[in-house]
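> Sequence and predicted model, in that order:
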Amino acid sequence: MTRTACNALLFALLLPLGCSEDSEGTGGAAGGGGTGGDAPNATVSPIDGASLFTDAEISIVFDRSMNTSSLQLGGSMAADGDGGAWSTTSVANDTLTISANPRWDASALGTLTIDANDLDGGALSTLSLTYPILIRVSTFQRASVVIGQTDFSGKAANQGDAATANTLALPYSMIFANGILYASDYSNSRILGFNGLPTTNGASADFVLGQSDFLGTSGGADADQLNGPEQLASDGTRLVVAEWRNRRVTIHDNLPTSGPGVADVVVGQADFGLDVANCTASGADNLEGVAVAGDKLIVSEYSNRRILIWSSIPTTNGTPADLVLGQASFTTCVENDDDQDGSPDAVPSARTLSGPSGIWSDGTRIAVADYGNNRVLIWNNFPEASFTPADVVLGQSDFSNNAPNDDDQDGVEDSAPTARTFSSAYFVRSNGTQLVVAGYINNRVLVWNSFPTESFQPADVVLGQSNFGGATANDDDQDGVEDGAPTDRTIFGPSDLLITGNQLLLADSGNNRILVFEGQ
């Protein structure tokens, strides 16, 4: 069967297992091994490799009655599933339905293995299935939980008072690792640690990094201090922090579980205690984004207009980067300087940057929010050389345009944004399939339900506004005028995002809070 023919059956109830190995229609192969004759055949819907929302179900139809007690399920989706339910399609107990109960994890690929025998003992070779899992969010959806404020109407930094365990002042980023939510609290020069994802409004953190207690807010450059922390990253073992004011990245070799937390390695500076701006392979200036992918470290420098890449996680202070994107060398740091003459060009290109901020990578692809150029750049394959051009651009129709909210691409800002434009794209994240981008000036979050492969591709969902034409902060009634207080569905100056489990988290910086959206 051809790939096209298989794709046409994607959502059919039954899918014959007759597609070739490179076809998307492969649903798993039946095999022998039993003593009761030919092994049973099976058809799987949705097909192996199809994207599933977190609340989906999978149907496996066998060509005969099965021994229900012989069923063995494995993989990450079996651990979260309900164990399967048997029913009849043609004959008794020939259909197995596996449901998400609780919902599957949208932050990772789901895997499922199935073993079963027929009534005569014929064995089914293991069906090995892999599904990208999507979180289902809807336009103008309401958040379920707020962190940093006691309710959804609060917006003052530190709730209008001194910093405590349940307040925030310009939160920038979150990472959820080993059961701990780490939240960077920029103006308080700290990271709050929550033992579990908060489920009630105004929850208090369990520990704090960068300060000796929850009352401290002074910044510093020592190994146990922070100054303007922005994006956070983790590989499940380490915690990595980009700091704007200290112009550095700090690496904790083990995830901290208590404060104040002492970092093990610093890059961007020669050692701890330093704060020097440099444009070199080992120096840095005003860092915003950081990602850890495999053993690679990727860092964005807003003021140096570049991305630094270490091919392995540094273990020594001041380790120089191995590659640079946005520039041809480690000593050039001018925005949109494609000819590298030290002066900005009239237009950007596929290999230049202007104020890069948030970063995401899975070790193969890289996505960078290019704030000053009102776009997101995507590299489909991990760069092997400096100054490698990007493959895809979002927010613009080609790499030479950079006006904000310019849907007609005439170089002049339109009166309203659309589903494919940005005004200052700020942070970007993905779960490997979906892409989410914070539009800072447009006070919204754009969601692509499939990872974009074409330039100027429109988003599928918008948060913070009731439609893609809205851009006003905290405008719950959508009249184009900012309301006096935020609500559970409005946004003001969004920064970083995080998809974890069946939740989408947003650092709503202008409202000094973090919003938690539940997958629907």
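The structure has been received and is ready for your questions.

> For burial, what's the neighbour tally of residue 315?
Neighbours of residue 315 under the rule other Cβ atoms under 10 Å: 10. Quick note: C-beta positions are derived from backbone N, CA and C, even for glycine.

> Please report the distance of it from residue 262.
Taking Cβ to Cβ, to the nearest Å as the criterion, residue 315 is separated from residue 262 by 16 Å.

> cool, and residue 268?
Taken as Cβ to Cβ, the spacing of residue 268 relative to residue 262 amounts to 18 Å.

> Neighbour count: these two, which is higher?
Taking other Cβ under 10 Å, residue 268 and residue 262 do not tie; residue 268 has more neighbours (29 against 14).

> what about the helices in the protein?
Counting by DSSP state H, the segments of the chain that form helices are 3-8, 76-80.

> By mean pLDDT, show me the worst of those.
For the helices of the chain, mean pLDDT drops lowest on helix 3-8, to a mean of 34.

> Is residue 446 bridged to anything, and to what?
For residue 446, the beta-bridge partners under DSSP bridges are residue 437, residue 462.

> If I look at it, what pLDDT would I see?
So, for residue 446, pLDDT stands at 98.

> quick one: contacts for residue 113?
Contact analysis of residue 113 by Cβ atoms under 8 Å, 6 or more residues apart in numbering lists 72-75, 78, 126-129.

> Most widely separated two among those residues?
The span of these, defined through Cβ to Cβ, is set by 72 and 129 at 14.1 Å.

> Quick one: distance of stretch 131-143 to the chain centre.
Mean-position distance between stretch 131-143 and its chain equals 13 Å (Cα atoms, centre = their mean, to the nearest Å).

> Which residues does the closest residue in space to residue 45 that isn't next to it in sequence form beta bridges with?
Leaving aside its sequence neighbours, residue 45 sits nearest to residue 59 (Cβ to Cβ, 6 or more residues apart in numbering; 4.9 Å). Residue 59 has these beta-bridge partners by DSSP bridges: residue 45, residue 97.

> Domain map for the chain?
What automatic domain parsing lists as the domains of the chain is 3-134, 145-518.

> Could you single out the most deeply buried of those?
domain 145-518 (a mean of 21; mean count of other Cβ atoms under 10 Å).

> so what's the nearest residue in space to residue 467 that is not next to it in sequence up against?
Residue nearest to residue 467 in three dimensions, not counting chain neighbours: residue 139, with 7.1 Å by Cβ to Cβ, 6+ apart. Contacts for residue 139 (Cβ under 8 Å, 6+ apart) come out as 461-463, 465-467.

> so what's residue 139 scoring on pLDDT?
At residue 139, the predicted lDDT confidence score is 98.

> try residue 19
The model reports residue 19 with a pLDDT of 31.

> shaky segments in the chain?
Counting by pLDDT under 70, the chain shows low-confidence ranges at 1-37.

> can we see that at 50?
By pLDDT under 50, the low-scoring segments of the chain are 1-35.

> Output the longest strand belonging to it.
strand 123-134 (DSSP state E).

> for the stretch 101-250 of the chain, what spans make up the strands?
All strands of the stretch 101-250 of the chain, identified by DSSP state E, counting those that start in this stretch, fall at 109-118, 123-134, 145-147, 171-177, 180-185, 190-195, 207-209, 229-234, 239-243, 248-252.

> of all the ones you listed, which lies closest to residue 375?
Residue 375 lies closest to strand 229-234 among these, at 18.3 Å (Cβ to Cβ).

> between the closest one and strand 171-177, how many degrees?
Angle, strand 229-234 to strand 171-177, by axes from the mean of the first three to the mean of the last three Cα atoms, to 10 degrees: 10 degrees.

> Now do strand 229-234: everything it contacts.
Under Cβ under 8 Å, 6+ apart, the answer for strand 229-234 is 172-175, 177, 182, 184-186, 189-191, 210, 239-244, 255, 287-292, 358-359, 427, 495-496.

> Quick one: closest of the strands of the stretch 101-250 of the chain to residue 221.
strand 248-252 (7.8 Å).
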